[in-house]
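**Student:** one predicted model, sequence on top.
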Amino acid sequence: MSDTTQTLPKAGKTLSGGRIDLLIAALLLAMAIAAPFVIESRYMMGQLILGLFWASVAVQWNLLFGYAGVFSLGQMAVFAVGGYATAMLAYYLDLNIFLAIAAGAVIATVFSALVGLACLRLQGVYVALLTYAIAQVIYLLIVTDTNCFEMVGTTCRQFTGGATGFARFGDFGMRAILKGDWIKGNYAIVLGCFVLSMLVSWIILHGPMGLAFKALRDNQAYAVARGINRFHTQLLVFGLSAFFTGMTGGLYATHFQAIGPGIFSISSLLFILAIAVVGGVGTFWGPVVGTIVLMVADELMREVGSFRSIGLGLIIAFAVVALPRGLVGRFSDIFHKHKS
Amino acid sequence: MDILIAIITTGLTNGALYALATIGLSLVWGSMGMLNMAHGALLALGGYAVFSVATTLGLPVWLAVLAAAGAGALAGVILYICVVRSLIRTAGKNFETSVMIATVGISISLQNALLQVYGGQPLKQPFGVSGAFRIGDSVVPWLNVVIILVSVVVMLGLALLISRTRMGRAIRATAQNREAALLMGVAVERTYLQVLALSGAVAGICGVLVSSVTQLSPTLGADPMLKAFIMCVVAGLGNLPGAVAAAFGLAMIEAGVQFGMGARWGFPVLLMLVIAILIWRPNGLFGRAQIRRM
């Protein structure tokens, strides 16, 4: 009911909406490019890179849930598949790390498309539970893997890395080029990939495919009756969001030079959810804003140490109750009210 | 033969625990369309309530179990007043997912609050029965029998409450059709409050039983809750008798797989079974297809 009144005026002003997006993008990009020249501390640069990882995954999750209405709890599993594939290809086959990341993204896409196939007949919460179950199966099988695949020195290494995961399988090669400033090189690579993923997402969302996603989200039966192929659309959105999520996973593994089963933990999934919810589900800039707000809040709460998780949980609950469309949704409501 | 008895004992005990966790979850889902992700945290709350009342205050254990049920119910009431009530009013068709995310947040906070109060080291639970009896050559602990009995009693009590009392009739009416119940004069908001309190109380007792088998830790509810989700989904969300049947059935399968293929495979096999069931029957084994209006 309220949805139609909110989307209708927007549809008439796509041009100005596009201009606003361009303005925000330019502003954010300028800040992001300026950051490494202003910030000296390596810790801060590390946090910025981490923020880009979170934002990237949240943007892709938002594509799935906010635009296509698929409530998936398997997002971190897709991320982990990308990371693990990258690490394993580089570790076992000595593949060039950039090739490995690309291959990881493709593997994550295939994996996610299969999950999407399994979810095709399900609705709402059932999708959430199925994706969560799949993520848990993978996690449990990795953690409980004790069969020796090869011996490294005196310790036994499992094919999946077991409970410890993989480490030291290669890096971006920035240490060799930039020496002490290697983290800035990593930042440039991660930022470049993030911008690419945002660009592709924007183009798709503003094309016919994006309209199909939204139509299926808003009223599935009606959308199908108007000739939207649910099978193709859902597989496409699963695959698309997985490609960039998997790529981010690969970048994450390479940046930290480690990947382990901890990445499946519910807390990292929750952080993604929190980012999207606080920023605004179904808004393009929501996940970016959410990442900035939550990273800053997280940094401030570092002072109180152990109360951090309590605070994070309360922020999530509060945001859902008080800001149904997130910070960005709230801002755009105020903005539109002033205009009219 | 010994293995068979061991499988049946484990299967029945776990089945009873899962069933108890599942009906709390399924009750809330069936009547409110709300998936309570904080259910596991309520289980932990119940376990710690018993510890506080019995071990710290030194009161008798039966009183402590009641206190656990009370703490769970109170948490349910608070959850309703602070979160669910306003979400029902504002979220509209996004209620299903909004409430899921919000309760996830509550769950993290509650678990970490327990961690702050009681510390991270696992604590010993005061509720327990020692000793065992023998069937042939195999040993069956009395604790398992007590767990099965307590859960059956709680489930029977809940079934009576829902089928025989005025409150139960209001709950069933609301579950069947919220608008119609509202028009017939059912105070739907009060019914929701009662449902969450009931579910919280059952979760509290379930937490006591779960922690008597393992130990007390803030995350003790996570595993039973995950399994409870699975049972709910297999049965079709909101179907109480189906949920109980699924809980016992799947617990038996899990125990069988654990004895047959090793403990590692128990849960993954269960999950893969569930994935297969969901693909085959998208609304669960006993669930009916929902007809959604445009």
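**Tutor:** Nice, thanks for sending it over.
**Student:** go through the longest helix belonging to chain B and flag the buried ones.
**Tutor:** The longest helix of chain B (DSSP state H) is helix B:2-32. Applying a neighbour-count criterion of 16 or more other Cβ atoms under 10 Å in any protein chain shown, one finds B:5-32 buried in helix B:2-32. (Each C-beta comes from the backbone N, C-alpha and C, glycine too.)
**Student:** what packs against it?
**Tutor:** For helix B:2-32, the contact count by 3 or more Cβ pairs under 8 Å, 6 or more residues apart in numbering or on different chains; DSSP states H and E identifies helix B:39-50, strand B:138-141, helix B:142-164, helix B:166-176, helix B:188-213, helix B:222-235, helix B:240-261 as packing neighbours.
**Student:** tell me which parts of the stretch 51-200 of chain B are close to chain A?
**Tutor:** Residues of the stretch 51-200 of chain B found near chain A, taking Cβ under 8 Å from any Cβ of the partner chain as the criterion, are B:82-83, B:86-87, B:90-92, B:94, B:96-113, B:115-116.
**Student:** these in helices, which ones?
**Tutor:** Using DSSP H, those in helices are B:86-87, B:90, B:96-113, B:115-116.
**Student:** any figure for the gap between A:S268 and chain B?
**Tutor:** 12 Å (Cβ to the nearest Cβ, to the nearest Å).
**Student:** I misspoke; the intended subject was A:V38.
**Tutor:** From A:V38 to chain B the distance is 34 Å (Cβ to the nearest Cβ).
**Student:** what's the answer for A:F37, then?
**Tutor:** For A:F37, the distance to chain B (Cβ to the nearest Cβ) stands at 37 Å.
**Student:** ok, now how distant is that residue from A:G83?
**Tutor:** 30 Å (Cβ to Cβ, to the nearest Å).
**Student:** which one's more surrounded, those two?
**Tutor:** Shown here are A:F37 and A:G83; by other Cβ atoms under 10 Å in any protein chain shown, A:G83 has more neighbours (31 against 8).
**Student:** and the helix or strand encompassing the more buried one with chain B, contact?
**Tutor:** Per DSSP states H and E: A:G83 is located in helix A:75-93. No - judged by Cβ under 8 Å from any Cβ, helix A:75-93 and chain B are separated, with a smallest distance of 12.5 Å.
**Student:** tell me which residues of the helix or strand following that helix are tucked away?
**Tutor:** Remark: after helix A:75-93, the chain's next helix or strand is helix A:97-119, criterion DSSP H and E. Residues A:97-98, A:100-109, A:111-113, A:115-116, A:118-119 are the ones in helix A:97-119 that count as buried (16+ other Cβ under 10 Å).
**Student:** so where is the stretch 101-250 of chain A shaky, pLDDT-wise?
**Tutor:** For the stretch 101-250 of chain A, applying pLDDT under 70 flags the ranges A:153-154.
**Student:** got the residue ranges for the strands in it?
**Tutor:** Using DSSP state E, counting those that start in this stretch, the strands of the stretch 101-250 of chain A run over residues A:148-152, A:155-158, A:166-167.
**Student:** now residue 53. Nearest residue, chain neighbours left out?
**Tutor:** In the absence of a named chain, this looks at chain A. The shortest distance from A:F53 to any non-neighbouring residue, by Cβ to Cβ, 6 or more residues apart in numbering or on different chains, is to A:Y252 (5.2 Å).
**Student:** other chain: chain B
**Tutor:** Take B:V53 and drop its neighbours on the chain: the residue closest to it by Cβ to Cβ, 6+ apart is B:A64, 3.9 Å away.
**Student:** and the closest residue in space to B:S86 that isn't next to it in sequence, how many neighbours does it have?
**Tutor:** Leaving aside its chain neighbours, B:S86 sits nearest to A:V321 (5.3 Å; criterion: Cβ to Cβ, 6+ apart). Using other Cβ under 10 Å, A:V321 has 20 other residues around it.
**Student:** so what secondary structure elements neighbour the strand or helix carrying A:V321?
**Tutor:** Using DSSP H and E, A:V321 falls within helix A:308-322. Secondary-structure packing of helix A:308-322 (3+ Cβ pairs under 8 Å, 6+ apart): helix A:266-279, helix A:286-301, helix B:85-90, helix B:95-118.
**Student:** of those, which is nearest B:S211?
**Tutor:** B:S211 lies closest, by Cβ to Cβ, to one member of the helices and strands packed on helix A:308-322: helix B:95-118, at 11.8 Å.
**Student:** what angle separates that closest one from helix A:308-322?
**Tutor:** Helix B:95-118 runs at 150 degrees relative to helix A:308-322, counting by axes from the mean of the first three to the mean of the last three Cα atoms, to 10 degrees.
**Student:** tell me the buried residues in helix B:95-118?
**Tutor:** Residues of helix B:95-118 classed as buried: B:95-115, B:118 (neighbour count, 16+ other Cβ under 10 Å).
**Student:** on that earlier part again, adding mean pLDDT, write the helices and strands packed on helix B:2-32 out as TSV.
**Tutor:** Output for the helices and strands packed on helix B:2-32, formatted as TSV (pLDDT from 0 to 100):
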stretch	mean pLDDT
helix B:39-50	89
strand B:138-141	78
helix B:142-164	88
helix B:166-176	87
helix B:188-213	89
helix B:222-235	82
helix B:240-261	85
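**Student:** return the most buried member of those.
**Tutor:** helix B:39-50 (a mean of 29; mean count of other Cβ atoms under 10 Å in any protein chain shown).
**Student:** can that helix be said to contact chain A?
**Tutor:** No - figure legend: helix B:39-50 not in contact with chain A (Cβ under 8 Å from any Cβ); closest approach 9.6 Å.
**Student:** which other helices and strands does that helix contact?
**Tutor:** helix B:2-32, helix B:61-79, helix B:95-118, helix B:188-213, helix B:222-235.
**Student:** so who does residue 54 touch?
**Tutor:** In the absence of a named chain, this looks at chain A. By Cβ atoms under 8 Å, 6 or more residues apart in numbering or on different chains, A:W54 lies in contact with A:F271, A:I272, A:I275, A:T291, A:L294, A:M295.
**Student:** switch to chain B, please.
**Tutor:** Counting by Cβ under 8 Å, 6+ apart, B:A54 makes contact with B:P60, B:V61, B:L63, B:A64, B:P126, B:F127.
**Student:** quick one: B:F229 from A:V304, how far?
**Tutor:** 32 Å.
**Student:** and for A:V38?
**Tutor:** With Cβ to Cβ as the criterion, A:V38 and A:V304 are 28 Å apart.
**Student:** ok, B:S217 next?
**Tutor:** Computed as Cβ to Cβ, the B:S217 to A:V304 distance reads 23 Å.
**Student:** who's more crowded, the two?
**Tutor:** B:S217 (20 against 10).
**Student:** am I right that that one is in contact with B:P122?
**Tutor:** Yes - the pair B:S217 / B:P122 is scored as a contact, 5.1 Å apart, by Cβ atoms under 8 Å.
**Student:** show me which residues of the helix holding A:V321 are buried.
**Tutor:** The neighbour-count criterion (16+ other Cβ under 10 Å) identifies A:308-321 as the buried residues of helix A:308-322.
**Student:** what sits up against that helix?
**Tutor:** The contact list for helix A:308-322 (Cβ under 8 Å, 6+ apart) reads A:267, A:270-271, A:273-274, A:277-278, A:294, A:297-298, A:301-302, A:304, A:326, B:82-83, B:86-87, B:90, B:98-99, B:101-113, B:116.
**Student:** what's the answer for stretch B:217-230, then?
**Tutor:** Contact partners of stretch B:217-230, identified using Cβ under 8 Å, 6+ apart, comprise A:129, A:132-133, A:136, A:266, B:17-18, B:21-22, B:24-25, B:35, B:37, B:39-44, B:47, B:111-112, B:114-115, B:118, B:120, B:122-123, B:203, B:206-207, B:210-211, B:214, B:247, B:250, B:270-271, B:274.
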